[in-house]
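A.B. asks: just the structure for this:
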Amino acid sequence: MSFGNRFKQLPKQHRTFILIIFGLIMSLLLLPVSTSAPQSSDEESFYIYQVGDRYSLKLPPLISSENKPVKSQLTSEEIIVRSGDNLSLIGKRGNLSTKTIYEIDRLSSAKRLRSIYPGQKLTITTDNKGEFVELIYPYRATESLYINKTADGYNTKIVKNQIEIREQFARADITSNFWNAGVKADMPPKQIMNLATIFGWDIDFALDIRAGDSFAVIYETQFIDGEFVSTGNILAAEFINQGDKFQAVRNKDGSYYTPSGRSMRKAFLRAPVNFKYISSSFNRNRRHPVTGKVRAHNGIDYAARTGTPIVSAGDGKVIASAYNRFNGNYVFIKHNSNIVTKYLHMNKRSVKKGQRVKQNQKIGTVGATGRVTGAHLHYEFLVNGKHKNPKTVSLPKADSLRGSEKTKFVSDAKIIMEQLESNAKLYTLIGQ
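C.D. replies: Now for the predicted structure:
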C-alpha cells in the first residue's frame, strides 16, 4: 500500500496535525540564516550561531580583569664583583641602561661603588619592563648602601644591620707553642694576636712561653641574623706563665687593667718583633757564630723572615740610624734619661736620627746585614749605659685607675673574672 493511501486511512485529526508540523518544518527551512553573531547589548544573554556548517554556543562572558591594575613583577639579580669590575660593567650585567648607570654614578652616595673589590656582592632589582627599581650594596658586614628609584628621582640611604653580641669562652694548655694552643682552642687568629698584645708588656712570647703554661679568655663574637660576621673585644683573660698568673680585664675606655685597676700597659714591650723563633738568648759567655770567639752576647736575637716589621719597645727619640759592617743597618732609641734600646742587623730602617717615635711604631724590618749568619733582629736594653737582660729587666710600673672609676671597675672586674674562673673549672671538669 502506498504512503498516500495509508495517509488517507488516518483519522482526520491525525492528518491535520501532521500537515501543521510539516508546514512549520518547511517554513523554518526556507528562512535565511545569518553567518555572523547577532548583536546584543545584554551581557547576560547567550545564543547559538552558525560558523560554516557548524554551530557554536556563546556563553555569558566571564568577568574581565583587564581594567584592574596589574602588579609589577620584580626581578632581583645578585652580582658578584669580578677583578677589574666597575659600576658600568656591573650595571650592564644587571641589565641596566647606560642612562640609568650614568644617573646612579652621579649620586654622591654612589662613591662607595667606586671602591668595590672582587668577591663583594651587589643585588640589582628591575621591574617587568626592565626599569631599575633598587640596588643594594653591603659594603661592610654591618652596613649596606640602598639606592632606589621613585617618581621623584633616586633615593639613597645607609642601613646598619643589627649586631648581636655573644660571649665566647676559650681555654688551652700549651704543649708546643702559644699559637698552636690558640688554634686548638678554636680562637680566631685575630684574637690570638690580641691576647698576646694584652700580655705583651709582661710576657715575652718569644722567650717566656713553656710547655705547661695555659690561658683562659672571654671574648665577644658578632652575629647578624644568626650568622657569624666578626670577632669583637676580649673582655677578660688569664695567662699562667711558668707558674705566674697574669690577669687582664677590659675597661669601658678600651684599655686593659688588672682586676685591681692597674694598667696592663707599661713603658716598654718585652719583645719588639713578631717572632718566628729565638736563635740566641741573652748570654754573657756566648760563642760568636762567625768568629768562634767567646764574647758577651748582651742582647736577644729574634730570628724571623727578612722583612718582618720591627717596632719600638717604647716612646722615645732616635739617637742613631745608620750602617756599619758589624751592626749592619741599626737604630738606637733613647727613651728617658737612663734607658736606651738598640736594634741591629735590619734589612731596612724606617726612622731617622732625631725623630720622635711612639711605642709599637714601626722603625724598620728584620734583615741579615752586618756580621751575621742569617736573618734576625739583635735587640739590646741598656739602663744607665749597662746592658740588662730584656727578658727580666724591671720595667716602670703601670698607672692605676683612681676614684669612683676604679671602684666601679673593680666591682665589674670581680664579676667577669668569677665567670672566667667558673668556665675554666667546668672546662677542666669535663676534660675538654
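A.B. asks: endpoint to endpoint, stretch 216-230 covers what distance?
C.D. replies: Chord length of stretch 216-230, first to last residue, is 20 Å (C-alpha to C-alpha, to the nearest Å).
A.B. asks: quick one, domains of this structure?
C.D. replies: Recorded structural domains for the chain (assignment: automatic domain parsing) are 3-58, 75-160, 167-257, 277-388.
A.B. asks: of all those, which lies closest to Ala271?
C.D. replies: Each of the domains of the chain was checked against Ala271 via C-beta to C-beta, and the shortest separation belongs to domain 167-257, namely 4.7 Å. Where you see a C-beta, it was placed from the backbone N, CA and C, and this is true even at glycine.
A.B. asks: worst mean pLDDT among the domains of the chain?
C.D. replies: Set side by side, the domains of the chain show their lowest mean pLDDT on domain 3-58, which sits at a mean of 56.
A.B. asks: all helices of this protein, in order?
C.D. replies: Listed in chain order, the helices of the chain (DSSP state H) span 3-9, 12-30, 87-93, 98-106, 178-184, 189-198, 403-430.
A.B. asks: chain center to the third one, what's the gap?
C.D. replies: I take that to be helix 87-93. Between the centre of helix 87-93 and the centre of its host chain there is 24 Å, according to C-alpha atoms, centre = their mean, to the nearest Å.
A.B. asks: repeat for the fifth one
C.D. replies: The chain centroid and the centroid of helix 178-184 are separated by 22 Å under C-alpha atoms, centre = their mean.
A.B. asks: what's that helix packed up against?
C.D. replies: Judged by 3 or more C-beta pairs under 8 Å, 6 or more residues apart in numbering; DSSP states H and E, helix 178-184 is in contact with strand 164-173, helix 189-198.
A.B. asks: residues contacting Phe381?
C.D. replies: Listed by C-beta atoms under 8 Å, 6 or more residues apart in numbering, the contact set of Phe381 reads Phe268, Gly299, Ala313, Ile339, Thr341, His387, Lys388, Asn389, Pro390, Val393.
A.B. asks: identify, from those residues, the entry nearest to Ala413.
C.D. replies: Distances from Ala413 to those, taken by C-beta to C-beta, are shortest for Phe268, at 24.8 Å.
A.B. asks: contacting residues for the closest one?
C.D. replies: Counting by C-beta under 8 Å, 6+ apart, Phe268 makes contact with Trp201, Ala313, Gly314, His335, Ile339, Thr341, Gln359, Phe381, Leu395, Pro396.
A.B. asks: got JSON lines for those residues, with distance to Ser422 too?
C.D. replies: As requested, the contacts of Phe268 are exported to JSON lines (distance: C-beta to C-beta, whole Å):
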{"residue": "Trp201", "distance to Ser422": "27"}
{"residue": "Ala313", "distance to Ser422": "37"}
{"residue": "Gly314", "distance to Ser422": "37"}
{"residue": "His335", "distance to Ser422": "41"}
{"residue": "Ile339", "distance to Ser422": "41"}
{"residue": "Thr341", "distance to Ser422": "41"}
{"residue": "Gln359", "distance to Ser422": "35"}
{"residue": "Phe381", "distance to Ser422": "39"}
{"residue": "Leu395", "distance to Ser422": "32"}
{"residue": "Pro396", "distance to Ser422": "34"}
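A.B. asks: mind checking which of those residues are in strands?
C.D. replies: Where the contacts of Phe268 overlap with strands, as defined by DSSP state E, the overlap consists of Ile339, Thr341, Phe381.
A.B. asks: could you dump the helices and strands packed on helix 178-184 to a markdown table with mean neighbour count and distance to Leu19?
C.D. replies: Conversion of the helices and strands packed on helix 178-184 to a markdown table gives the following (neighbours: other C-beta atoms under 10 Å; distance: least, C-beta to C-beta, whole Å):
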| stretch | mean neighbour count | distance to Leu19 |
| --- | --- | --- |
| strand 164-173 | 16 | 98 |
| helix 189-198 | 18 | 111 |
